[in-house]
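Asker: Provide a 3D model corresponding to the input given below.
(chains A and B)
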Amino acid sequence: GAGVSQSPSNKVTEKGKDVELRCDPISGHTALYWYRQSLGQGLEFLIYFQGNSAPDKSGLPSDRFSAERTGGSVSTLTIQRTQQEDSAVYLCASAASSYEQYFGPGTRLTVT
Amino acid sequence: RKEVEQDPGPFNVPEGATVAFNCTYSNSASQSFFWYRQDCRKEPKLLMSVYSSGNEDGRFTAQLNRASQYISLLIRDSKLSDSATYLCVVSFSSASKIIFGSGTRLSIRP
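Answerer: As a prediction, the model looks like this:
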């Protein structure tokens, strides 16, 4: 079956521009997570969606970051006024009730 | 103290060897435990869940020690393809409280 997909796979943007990253989770998975990973570093939790509940935004590093999940499926992570320190791989994962997460291939964001 | 700690390695072992590494966690209320592997420039992939009684999947054995608050991963008869970073993952009271360790790098040499 289809896994988690993310788009674009790579994004180069100029400092100050806004970017949108998309995640299509596995069908039927109610939980969706966003993480980011800088080169050689661990995963940094950003935001978590579970069904119709209010998202857990506790990991978002600043108010320039926001995310939404429409219809309990597709999610979009938006970064406004990008900064060079936002450069990283942004990973999306979905999970069923078991908490076993399945990751997408990530979006590599480069802010120049 | 980090909530989940791993020895970053690298562990460099010959093919065919047995290798084991641990991961410690600080929150005694932790409920679910997992091992993921991550290849260079790839996304993490679930390797196995860790059950209270310990579990085995082929050459891989995972164990949980709640008293000492650590989980372990044992790899027997290591293959070149086992070279990767192994991430320890611990979840707490809710599904959003999932903490990834920084990973242990494993390199298998011919």
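
Asker: Spell out which parts of chain A neighbour chain B.
Answerer: A:31, A:33, A:35, A:41-43, A:45, A:48, A:50, A:56, A:58, A:91, A:95, A:98-106 (Cβ under 8 Å from any Cβ of the partner chain). For glycine as for every other residue, the C-beta is placed from the backbone atoms N, C-alpha and C.

Asker: Please repeat the previous calculation with a cut-off of 6 Å.
Answerer: A:Ala31, A:Gly42, A:Leu43, A:Tyr48, A:Gln50, A:Asp56, A:Leu91, A:Tyr99, A:Glu100, A:Phe103, A:Pro105, A:Gly106 (Cβ under 6 Å from any Cβ of the partner chain).

Asker: Using pLDDT, spot the least trustworthy of those.
Answerer: By pLDDT, A:Tyr99 ranks lowest within the residues of chain A next to chain B, coming in at 75.

Asker: That residue reaches B:Phe34, doesn't it?
Answerer: No: counting by Cβ atoms under 6 Å, A:Tyr99 does not reach B:Phe34; the two are 7.8 Å apart.

Asker: More neighbours: which of these two?
Answerer: Higher neighbour count among A:Tyr99 and B:Phe34: B:Phe34, with 23 against 18, using other Cβ atoms under 10 Å in any protein chain shown.

Asker: what kind of secondary structure is that one in?
Answerer: Recorded secondary structure, B:Phe34: strand (DSSP: H, G, I helix; E, B strand; the rest coil).

Asker: Settle this for me: A:Ile47 is touching A:Lys57, isn't it.
Answerer: Yes: under the criterion of Cβ under 6 Å, A:Ile47 makes contact with A:Lys57 at 5.2 Å.

Asker: follow-up on the earlier one: sort out for me which of the residues of chain A next to chain B are in strands.
Answerer: Those of those mapping onto strands are A:Ala31, A:Leu43, A:Tyr48, A:Gln50, A:Leu91, A:Phe103, per DSSP state E.

Asker: Looks like the fourth one contacts A:Ala31 (just checking).
Answerer: Right, A:Gln50. Yes: shown here, A:Gln50 and A:Ala31 form a contact pair, counting by Cβ under 6 Å, at 5.1 Å.

Asker: Of those two, which one has the most company?
Answerer: Each of A:Gln50 and A:Ala31 has its neighbours counted (other Cβ under 10 Å); A:Ala31 has more, 22 against 19.

Asker: ok, now how distant is the more buried one from B:Thr24?
Answerer: According to Cβ to Cβ, to the nearest Å, A:Ala31 and B:Thr24 sit 26 Å apart.

Asker: hmm, back to that, okay, the residues of chain A next to chain B in CSV with distance to B:Leu87 next?
Answerer: Shown next, in CSV, are those (distance: Cβ to Cβ, whole Å):
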residue, distance to B:Leu87
A:Ala31, 18
A:Gly42, 8
A:Leu43, 8
A:Tyr48, 18
A:Gln50, 22
A:Asp56, 20
A:Leu91, 12
A:Tyr99, 14
A:Glu100, 13
A:Phe103, 11
A:Pro105, 16
A:Gly106, 14
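
Asker: Nice, that's everything, thank you.
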